[in-house]
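> how does the following fold in three dimensions:
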Amino acid sequence: MILVLLGTQDNPFNRIMKEVSRQIKLGNIKERVVAQVGCTKNIDEKIESFDFCPKEKIEKLIEEARIVICHAGVGTIIECLNKNKRVIVVPRLKKYGEHANDHQVQITKDFESKGYIIPLYNVKKLDKALEDIKKFKPNKYESNTEKFKSKIEEYINML
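All right, here's what the predicted structure looks like:
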């Protein structure tokens, strides 16, 4: 199963849903597709979709998924990496009215530079990303939470 996670933004993310639908029609996606679409409207009856749901349901779907295609929300990406999933990340872009700014591009580049994800900056190249993900071996995700906490503690102790 391919899981598409668009997050909880109040802006639609039609670009990726249209491209997933196109790849289904072209026969490049043959398996079941489930999508959490938020404020985006599902345009394809072949895609099982829902707007929002409890975190537990999302976690279960991530566990079941073979591939996850998601927006560049840090929480979403980390949840997928912690479950050792292969992830294609599509940043939401300001120019399409998908977000207030382009910070998701920076997030995508950071996770890409560490070898954790396959980035998809141009949705028209989803077919290539789907091919690349077949042989992609993501690096094991390493949280920097402890390092971050220690820097905060150092700073507080300096005061």
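> what about residue 70, neighbour count?
Per other C-beta atoms under 10 Å, the neighbour tally for residue 70 reads 24. For the C-beta atoms, the positions are set from N, CA and C on the backbone; glycine is no exception.
> now residue 138: closest residue in space, sequence neighbours ignored.
residue 116 (5.3 Å; C-beta to C-beta, 6 or more residues apart in numbering).
> count of neighbours near that neighbour?
19.
> that one should be in a helix, yeah?
No: counting by DSSP: H, G, I helix; E, B strand; the rest coil, one finds residue 116 to be coil, located in no helix.
> can you pull out the helices in the chain?
Using DSSP state H, the helices of the chain run over residues 14-26, 55-64, 74-82, 103-113, 126-135, 145-158.
> show me where pLDDT drops low in the protein?
When residues are selected by pLDDT under 70, those of the chain lie in 148.
> give me the nearest residue to the one residue sitting closest to the centre of the chain, chain neighbours excluded.
The residue lying closest to the centre of the chain (C-alpha atoms, centre = their mean) is residue 70, at 2.0 Å. In this structure, residue 70 finds its nearest non-sequential neighbour in residue 5, 4.1 Å apart by C-beta to C-beta, 6+ apart.
> from memory residue 31 sits against residue 1, does it?
Yes: counting by C-beta atoms under 8 Å, residue 31 does reach residue 1; the two are 6.0 Å apart.
> shared neighbours, these two?
Jointly contacting residue 31 and residue 1 under the rule C-beta atoms under 8 Å, 6 or more residues apart in numbering are residue 66.
> so what's the residue nearest to the centre of the chain up against?
4-7, 76-77, 80, 87-90 are the contacts of residue 70 under C-beta under 8 Å, 6+ apart.
> what do you get for residue 21?
Contacts of residue 21 by C-beta under 8 Å, 6+ apart are 43-44, 46-47.
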